[in-house]
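In: need a structure here:
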Amino acid sequence: MKKPLDRFSIQAETYKNHRPHYPPDLYDEILQHVNHRQKCWDCGTGNGQVAAELSKHFEQVEATDISENQMKQAPQGDNINYSLQRAENTSFGENQFDLITVAQAVHWFDFDAFNQEVRRVGKNGGIISIWGYALLKVNDQIDELINEFDSDIVGPYWDVERRHIDSCYGTIPFSFEPIVSKKSFTIESHWNIEHLRGYFNSWSCVQNYIEQNEGESPVPALMERLKSVWPDHETKKITFPIFMKMGRIEK
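Out: Numbers count the residues shown, from 1 in each chain. You can find the predicted model right below:
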C-alpha cells in the first residue's frame, strides 16, 4: 500500500483559519441522493469542517484523518467521533455508512485500497462523494501573479499528487455507479490581503519550499508584488471552482 503522506500537521492552525468553506448548495446536492441518514464517514476530515456540517444531517458522524494536529483544530459535537486512522484501512465494520465523503484529500490516498475500503464499510446503495477545488480566481491582474507563483515559483515543490487537482480528479479511478450533477459549484468569499497571505502559507508546496530552502518562504515576495494591485485596506471577492465525483455503492 502507498505510504501515507501528512502535509498539513505543521501548519494545522493556519489551514483551519485560512482555507475556504464549502457552500450549502454542495451539501444539498449530495444529500438529496442519500437514502438514509443514520451514519456517515468523513474521510480525511482535517479540521472537521465537513464533519461539522454533516453532523446536522446524520445521527452519527465518523471523522478520520492521519493528522492528529489537524483534528485538534476540529469542532466537537455529541454525534461526531474523531479517530486517527488511514483512509485505506479502518477499524470500521462492514456495511456501516449511508454516506462517505472526502473533501480536498482523496488525491493523497492509495486509490485502489481506498475504493476497496469504501465498498467494505459502505452500505449497499450508499453514496460516496469526493470533491476538491481548483486555483482561486480574483481578477485578471491578480490571477496572473498567482498563476505565475503557482506554476513557476512553487510549482516544482508540489507533490506529484497535485496533478490530480490540476485534472479536476479526472485522473482518479472511481469504481462506483456514477451520479452526474447537473449543477456546477463554486466557493465564494471576500478576503483581505492578510487572509490571502494565510491561505498561501497553508499550501503544502510552500512548506516543502521552506524545508528545502533553509527556512526561506516564497510568500513574502509574492505579497510584495500583489501590493500594487491589492491595497491593504481592500477586500476582494475570491472564487474557487469546485469539482466533484459522486457515485452509488453497489454490492
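In: all contacts plus neighbour counts: C-alpha atoms, from now on.
Out: Fine.
In: how much space between W131 and R248?
Out: 15 Å (C-alpha to C-alpha, to the nearest Å).
In: got it, and G46?
Out: Counting by C-alpha to C-alpha, the gap from G46 to R248 is 24 Å.
In: Which of those two has more residues huddled nearby?
Out: G46 (29 against 22; other C-alpha atoms under 10 Å).
In: Flag the shaky bits of this structure, pLDDT-wise.
Out: Residue ranges of the chain with pLDDT under 70: 5-16.
In: Can you tell me the SS state at L135?
Out: The local conformation at L135, judged by DSSP: H, G, I helix; E, B strand; the rest coil, is coil.
In: Next, count neighbours for it.
Out: Counted with other C-alpha under 10 Å, L135 comes out at 14.
In: Tell me the bridge partners for the nearest residue to it once chain neighbours are set aside.
Out: Residue nearest to L135 in three dimensions, not counting chain neighbours: F240, with 6.3 Å by C-alpha to C-alpha, 6 or more residues apart in numbering. Per DSSP bridges, the residues bridged to F240 are I187.
In: Next one: F240 from R120, what distance?
Out: Distance from F240 to R120, counting by C-alpha to C-alpha: 33 Å.
In: Kindly report the same for P178.
Out: P178 sits 18 Å away from R120, going by C-alpha to C-alpha.
In: Then Y169?
Out: Y169 sits 23 Å away from R120, going by C-alpha to C-alpha.
In: One more: D78?
Out: Counting by C-alpha to C-alpha - D78 and R120 are separated by 26 Å.
In: out of these two, which sits in the more crowded spot?
Out: More crowded of D78 and R120, by other C-alpha under 10 Å: R120, with 18 against 9.
In: what separates the helix or strand where that one lies from the chain centre, distance-wise?
Out: In the assignment (DSSP states H and E), R120 maps to helix 111-121. Distance, stretch centre to chain centre, for helix 111-121: 19 Å (C-alpha atoms, centre = their mean, to the nearest Å).
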